[in-house]
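[1] predicted model and sequence below, questions to follow.
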Amino acid sequence: MQYWLMKSEPDVFGIDHLRKAVIEPWDGVRNYQARNMMRDQMQVGDQIFFYHSNCDVPGITGIAEVATSGYPDKTAFDPAAKYFDPKSDPNNPRWYRVDVKFVRELNRTISLQELREHPELENMPLVRKGNRLSVMPVTEQEWQYILSLE
DNA sequence: GCCAACGTTGGC
DNA sequence: GCCAACGTTGGC
């Protein structure tokens, strides 16, 4: 069992959308580090913190779980898609995605500001200045600690 | 292989 | 809306 944190803009796709859809592909990731984690490391059942970015109160708002391991992100092949990438060859896909499944919303949003206040979490890429990774691993200690804040 | 220019992310 | 930080691109 591994733990992850995934960022999404709530205006585009937030925890509410996932709650209604239950299972959705996590597509549109166009960053190699994040791609590698989805393609190579994520396993069905892994737990995910759902993080809202680029909004009034950025922070962790819910929990999801990995519903499929990595598979090619087909939106990269579709010229009409927002995340079309002409360099992604269907015979050798450049981008991958996983499906994620809604687990629950947190009782409250644990804001980035609050997460920064805890020395126990200082090694998380999330709280590092300038970090833009949209998919990142979370240690079991960090996972449990954050849940204890809820 | 270097690095300047550019585009994007995302907090504030 | 601003802008710092970072990743990518492409000329050389």
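    Thanks, I have the structure now.
[2] and the pLDDT at the residue in chain A that DNA strand C sits nearest to?
    DNA strand C sits closest to A:G130 of chain A, with a gap of 2.2 Å, by C-beta to the nearest atom of the strand. All C-beta atoms are positioned from the backbone trio N, CA, C, and that covers glycine. Looking at A:G130, its pLDDT is 85.
[3] the one 3 residues further on now?
    The model reports A:L133 with a pLDDT of 93.
[4] hang on, it packs against A:A34?
    Yes - using C-beta atoms under 8 Å, A:L133 makes contact with A:A34 at a distance of 6.1 Å.
[5] quick revisit: quick check on the residue of chain A closest to DNA strand C: phi, psi?
    phi 80, psi 0 (degrees, to the nearest 10).
[6] same question for A:I48.
    According to degrees, to the nearest 10, A:I48 has phi -130, psi 130.
[7] hang on, the earlier thing: between A:L133 and A:A34, point out the one with more neighbours.
    A:A34 (20 against 16; other C-beta atoms under 10 Å).
[8] any idea which element that one lies in?
    helix A:32-36 (DSSP states H and E).
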